[in-house]
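S.K.: prediction below, plus the sequence it came from.
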Amino acid sequence: MSTPPLAPAGMAGGPFAGPQAQQAAREVNTATLCRIGQETVQDIVYRTMEIFQLLRNMQLPNGVTYHTGTYQDRLTKLQDHLRQLSVLFRKLRLVYDKCNENCGGMDPIPVEQLIPYVEEDGSKNDDRAGPPRFASEERREITEVNKKLKQKNQQLKQIMDQLRNLIWDINAMLAMRN
């Protein structure tokens, strides 16, 4: 599950160590960097889980019920995992810095403008239409509409009950007439 560390630009290894590979290593796009960063984070989580598993199974070397050889073996594994974890964090830092470098010229867009919403007339909100509406305002409006809807439903239920009673009375009068 571990991914190989990023090779510095100009130091691409393997059978494609020519100038094309060096140029390709320099021209990694931001989406690929994000994917590499995501895989690195997954590796960090996996390694951290392994470290906690080792720590949970490891006991203190007090000499009572534990073999020194087993303790040393687990300690070596733990130190190896910690070294790999530090390498992964360095790799993640490189990816993060490269992504920031690639996205340095972009203007940050407020999160509120990235979420589209529909106006009451059915048209979508445009950035130039006015200030963005926040989720708390929309939630308040939805609760108000729900309250009004419940009131209307209650009124309709009362009208239906009254009509049912009226029809019952009419049917009872007709039955008594015969």
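M.R.: Perfect, I can see it now.
S.K.: and for residue 37, the neighbour number?
M.R.: By other Cβ atoms under 10 Å, 18 other residues sit near residue 37. Just so you know, the C-beta spots here come from the backbone N, C-alpha and C atoms, and that holds for glycine as well.
S.K.: with adjacent residues omitted, what lies nearest to it?
M.R.: residue 95 (4.3 Å; Cβ to Cβ, 6 or more residues apart in numbering).
S.K.: what number of residues lie near the residue nearest to residue 102 when sequence neighbours are not counted?
M.R.: Setting aside the residues directly before and after it, residue 102 is nearest to residue 30 in space (Cβ to Cβ, 6+ apart), at 4.7 Å. As a burial measure, residue 30 scores 14 neighbours (other Cβ under 10 Å).
S.K.: shaky segments in the protein?
M.R.: Within the chain, the segments meeting pLDDT under 70 span 1-27, 59-67, 111, 117-133.
S.K.: where do the helices sit along it?
M.R.: 19-26, 30-57, 68-102, 111-114, 135-177 (DSSP state H).
S.K.: buried ones in the third one?
M.R.: Right, the one you point to is helix 68-102. 74, 81, 84, 85, 88, 91, 92, 94, 95, 98, 99 (16 or more other Cβ atoms under 10 Å).
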